[in-house]
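Enquirer: Could you look at this predicted model? Sequence included:
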Amino acid sequence: MVIEHDGFGAELRRRRVAAGMSLSELAGKVYCSRSFLSRVENGRRRASLELAQLCDEVLDAKGALVGLAPLPGTDAVPKAVRGGAGERAAGTVRSPEKKDGRYGHVEFRRLLRRGDLSHAAGEMREAERHYTAAYRGAEGDPRAQAEAVIRMARRWSDPGQVDRELLQAIRGCLAALDGDGGAEAAGLRLRLEAHLAKKMALAVSQDTAAGLAGPAEGARLAEETLRRLPDDGDDEVRCEVLTECRWARYDFMPAPESLTLSERLREAAARQDSPYFRGEALMAVAIDQLRNGRIFSALATANQYRKHAADTHSVLARWQRHTLDALLDLWHGRFDAAAEWIFVESLKFIELLRADYAVPADNLTQTRLGQAYWLLRQQGRLAELFTSDLAGDVERHAYFPVWRAGLALALCETGQHAEGADLFLGCVADVDRFPPSGWAVPALVLLAEVCAALDLEGGFEAELAPVLPTLRARLAPHDGEQIALGGWPTVLLGPTARACGVLALAAGEPETALEHFRRAAVPARSSQPELARLRLAQARAVRRVGGPGSEPNAVRLLREASRGAESYGMTWLGGQCEGLLGEPGRA
């Protein structure tokens, strides 16, 4: 008969197996018999606190196993989760006994620990159950309830959507803490406001916002919260505020400013020594290094994240690590390696997590979809987008402007220029509603790619002329060595300077285009596929400038681009190069 339901035995087995240790080996190190330890793992015997501490030390669990062990004088099954299936399904939770004042009661801390372990494993529904039990059991203690809601707010949400229930819970906790002048309450208020700011900013537009509390309001709240964050004090408060406020301001601050925030977070996370915040900080730094064109720095940070993912055994960390690896594979032209993850392994991952209701499936689906789209584009296979279920997925996510821009580009690069132009003009009509940074940058870069395709095809001058000034003005603040990053992270779409260049070329300013292309060469040198695309654009600009020596120079650039395209299997790009080589002077 199973008497242990608090997860200690299952977590002990998971950590032992992950450490490559047999049951006999662990039993010898913690001074008990193999049979007894087997019964503990199977939930048939209760582990003493002393055994839990020994196992925790041997397996380097950093307190996770101790947090699950029943304390002396307590039942093995916590009251907050005891009872029949009907009671648990109804959400009824018995209030824990408070023995040590606020935050001191055993059941509350135990439920938070269980929730943290479930969150780390990617089991969001299970984590939510534990955090909700902690919240309800702490009725009458606003500080404890605030702590539970903060944990709930760390969960992944569906991208582009607002979690209205969580917004209400956060606001309720802030109201309950109003008037509490303690330092701890002040820290809780900062953390809650940071989460509130991020949740408000998650809406991709006012249409998907919660009433008037849209993305811009979330960014403003984040800015105010950061101003009130003290330079010293509790590192957990500092980590939480920096993490959430950076995301809340992601679409409203320049990429260099975002990197500064990420670096501050990494320093605070190193002091706090929390696996959760360490992972958040490393991913934030990697993302912002990529956006700022610091590819080689991002490679070093990605290596650190791989070690973090291996150390924590977190399913979410593993997903993000593989996603980051696929992004870098796509950038460097390792298309076969990227395809293995995108079309084989990631599907298994998504189905497993979806079956376990682990994380909102849309997060994973859109990331995979973005990487699949870009791989097909790089290999000149975008026609397959329309013969598979991928096009339907793109259309279902059309509330994101970046997907509408991507679909317009796919139409153009598969010969459907008129249809692509219609969709393109519809996208440009919404540009004034884009935020100044963040997701707006990759959307603008894709729209610039559509302009380049229509310009190369010819005959669309009347459609392009009125919209080019708007697109150029919106991209101008991001010119330089930046790289457009789609998703968080999904794919690198190329240097923003190259996008500025192709817009200038379409506007009839080839000399200006060449200046942009010279700036784009700095971040592009870390990617041979990107260099091939850049050389094609440079060749077109050189031909339009004309003058002595322009044609030999253009031919040289086209041949270099053609060789790069052939080496990496970029058939559409290679076809464009060969077409221009076959028609001297055509630009």
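Expert: Looks like it came in fine.

Enquirer: Start from the N-terminal end of the stretch 451-587 of the chain and give the helices.
Expert: If you assign secondary structure with DSSP state H, counting those that start in this stretch, the helices in the stretch 451-587 of the chain sit at 461-464, 468-475, 496-506, 510-524, 528-545, 550-568, 571-581.

Enquirer: from these, which stretch is densest packed?
Expert: Mean neighbours per residue, mean count of other CB atoms under 10 Å, is largest over these for helix 496-506, with a mean of 27. Where you see a C-beta, it was placed from the backbone N, CA and C, and this is true even at glycine.

Enquirer: Give me the mean pLDDT for that one.
Expert: Model confidence over helix 496-506, given as mean pLDDT, is 98.

Enquirer: same check, this time on stretch 327-338
Expert: Stretch 327-338 comes out with an average pLDDT of 98.

Enquirer: And the helices in the stretch 301-450 of the chain?
Expert: Going by DSSP H, counting those that start in this stretch, the stretch 301-450 of the chain shows helices at 315-332, 335-340, 346-355, 361-378, 390-396, 401-413, 417-428, 440-457.

Enquirer: nope, the stretch 51-200 of the chain is what I meant
Expert: So, for the stretch 51-200 of the chain - with DSSP H, counting those that start in this stretch - the helices run 64-68, 85-90, 106-120, 124-137, 142-153, 164-177, 183-201.

Enquirer: just to revisit the earlier point, quick one, which of the helices of the stretch 301-450 of the chain gets closest to residue 242.
Expert: The minimum distance between residue 242 and the helices of the stretch 301-450 of the chain falls on helix 315-332, with 18.5 Å, by CB to CB.

Enquirer: can I get the CA coordinates of the closest one in PDB?
Expert: Output for helix 315-332, consisting of C-alpha atoms alone and laid out as PDB, is shown next (Å, rounded to 0.1, in the frame of the first residue of the first chain):
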ATOM      1  CA  VAL A 315      12.700  20.100 -19.500                       C
ATOM      2  CA  LEU A 316      12.100  23.700 -20.300                       C
ATOM      3  CA  ALA A 317      15.800  24.400 -20.200                       C
ATOM      4  CA  ARG A 318      16.400  21.500 -22.500                       C
ATOM      5  CA  TRP A 319      13.800  22.900 -25.000                       C
ATOM      6  CA  GLN A 320      15.300  26.300 -24.900                       C
ATOM      7  CA  ARG A 321      18.800  24.900 -25.300                       C
ATOM      8  CA  HIS A 322      17.800  22.900 -28.400                       C
ATOM      9  CA  THR A 323      15.900  25.900 -29.800                       C
ATOM     10  CA  LEU A 324      19.000  28.100 -29.400                       C
ATOM     11  CA  ASP A 325      21.200  25.400 -31.000                       C
ATOM     12  CA  ALA A 326      18.800  25.200 -34.000                       C
ATOM     13  CA  LEU A 327      18.900  29.000 -34.300                       C
ATOM     14  CA  LEU A 328      22.700  29.000 -34.500                       C
ATOM     15  CA  ASP A 329      22.600  26.000 -36.900                       C
ATOM     16  CA  LEU A 330      20.400  28.000 -39.300                       C
ATOM     17  CA  TRP A 331      22.600  31.100 -39.000                       C
ATOM     18  CA  HIS A 332      25.800  29.200 -39.700                       C
END
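
Enquirer: helices or strands up against that helix?
Expert: For helix 315-332, the packing partners by 3 or more CB pairs under 8 Å, 6 or more residues apart in numbering; DSSP states H and E come out as helix 275-291, helix 295-312, helix 335-340, helix 346-355, helix 361-378, strand 491-495, helix 528-545.

Enquirer: Just put these in a markdown table and tack on distance to residue 397.
Expert: What follows is these, written out as a markdown table (distance: least, CB to CB, whole Å):
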| stretch | distance to residue 397 |
| --- | --- |
| helix 275-291 | 20 |
| helix 295-312 | 26 |
| helix 335-340 | 21 |
| helix 346-355 | 15 |
| helix 361-378 | 6 |
| strand 491-495 | 15 |
| helix 528-545 | 25 |
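
Enquirer: Residue 226: which of the ones you listed is closest?
Expert: Across the helices and strands packed on helix 315-332, the minimum distance to residue 226, taken as CB to CB, is reached by helix 275-291, at 14.4 Å.

Enquirer: next one: that closest one to chain centre, how far?
Expert: 10 Å (CA atoms, centre = their mean, to the nearest Å).

Enquirer: hang on, residue 470 packs against residue 430?
Expert: No - contact between residue 470 and residue 430 fails when scored by CB atoms under 8 Å: they sit 10.9 Å apart.

Enquirer: Mind listing what's buried along stretch 419-435?
Expert: Within stretch 419-435, the residues that qualify as buried by neighbour count (16 or more other CB atoms under 10 Å) are 420, 421, 423, 424, 427, 428, 431, 434, 435.
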